[in-house]
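K.L.:
Starting from these lines, generate the structure:
(3 chains)
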Amino acid sequence: MRGVASPNSTVSTVSGKRSLCERDSTSAGAADDLDLERASSRGLSDDEDGGDNSRKKLRLTKDQSAILEDSFKEHNTLNPKQKLALAKRLGLGPRQVEVWFQNRRARTKLKQTEVDCEFLKRCCEQLTEENRRLQKEVQELRTLKLSPQFYMQMTPPTTLTMCPSCERVAAPPSGPVQPKPHPSLESRSSIRPVANNPWVTAAVPIRSFDAIHPRS
DNA sequence: GTCTATATTCCCTTTACCTCA
DNA sequence: CATGAGGTAAAGGGAATATAG
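P.N.:
Take a look at the predicted model:
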């Protein structure tokens, strides 16, 4: 929910939206020395100094940053009262405090996105490795099946029932145990029988992992 | 009860400034 | 000293929400 604060917001930030340029007088206090310091270090030219609408990049002091951080830890959004109190305490404008919180939330989000990204990357790596291992296993089994000895011992081909939507194999019809069918299959009749003949599957081209993911 | 205008806040993107290697 | 990269304060715009008339 947005705009939580607006109902009892008797305090308006002068021009409604934006304009930090017109900082309220309270902001002059603590940042005074800082501003002076910066002004001197930047060597402001005389012509743009006076009625400037140029941005002044304010660097928050360590104390200000620490207080803001503490406040952010408590609650990452502010209601108008809290904002005003904090602004007063810091000697900043309410809009500055608001903007700081917005930027802080953005930083938090960015960091979280990075963490999530790392996590997904690791998941992907693990799955890739698992896939590689399974491919190898399939290859080995196929080699085994192709040997004459295996062929002689083979039972007659059976059929599997596969769910057309999720492609899950339901159950071998002639198996000793009849597991419960896939729930979605109970009311469906479009069941596609899949041959379990080893020679049939061979017709499906199985690309090796390296073929799919060529390495440079 | 519905509509509309206004105010406020939020998020996202961009810009501008500052610091540091 | 100049410069480019990275960090971040601030601006601008759009969307959502609340409220008053």
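K.L.:
going forward, measure contacts between C-alpha atoms and count neighbours the same way
P.N.:
Will do.
K.L.:
A:Glu69: what's it in contact with?
P.N.:
A:Glu69 makes contact with no residue, according to Cα atoms under 8 Å, 6 or more residues apart in numbering.
K.L.:
Dump the C-alpha coordinates for whatever helix or strand it lives in into PDB.
P.N.:
Here A:Glu69 sits within helix A:62-74, counting by DSSP states H and E. The C-alpha coordinates for helix A:62-74 follow below in PDB (Å, rounded to 0.1, in the frame of the first residue of the first chain):
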ATOM      1  CA  LYS A  62      29.500  10.400   9.100                       C
ATOM      2  CA  ASP A  63      27.200  11.200  11.900                       C
ATOM      3  CA  GLN A  64      24.300  12.000   9.600                       C
ATOM      4  CA  SER A  65      24.900   8.800   7.600                       C
ATOM      5  CA  ALA A  66      25.000   6.800  10.800                       C
ATOM      6  CA  ILE A  67      21.800   8.200  12.100                       C
ATOM      7  CA  LEU A  68      20.100   7.700   8.800                       C
ATOM      8  CA  GLU A  69      21.400   4.100   8.700                       C
ATOM      9  CA  ASP A  70      20.100   3.400  12.200                       C
ATOM     10  CA  SER A  71      16.800   4.800  11.400                       C
ATOM     11  CA  PHE A  72      16.600   2.800   8.200                       C
ATOM     12  CA  LYS A  73      17.300  -0.300  10.200                       C
ATOM     13  CA  GLU A  74      14.400   0.300  12.300                       C
END
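K.L.:
Now look at it and say if it contacts DNA strand B.
P.N.:
No: figure legend: helix A:62-74 not in contact with DNA strand B (Cα under 7 Å from any atom of the strand); closest approach 11.5 Å.
K.L.:
same check, this time on stretch A:92-110
P.N.:
Yes: residues of stretch A:92-110 contacting DNA strand B under Cα under 7 Å from any atom of the strand: A:Glu98, A:Gln102, A:Asn103, A:Arg105, A:Ala106, A:Lys109.
K.L.:
out of those, what pair is the most spread apart?
P.N.:
A:Glu98 and A:Lys109 (16.6 Å; Cα to Cα).
K.L.:
From A:Glu125, how far out is A:Glu69?
P.N.:
As judged by Cα to Cα, to the nearest Å, A:Glu69 and A:Glu125 stand 36 Å apart.
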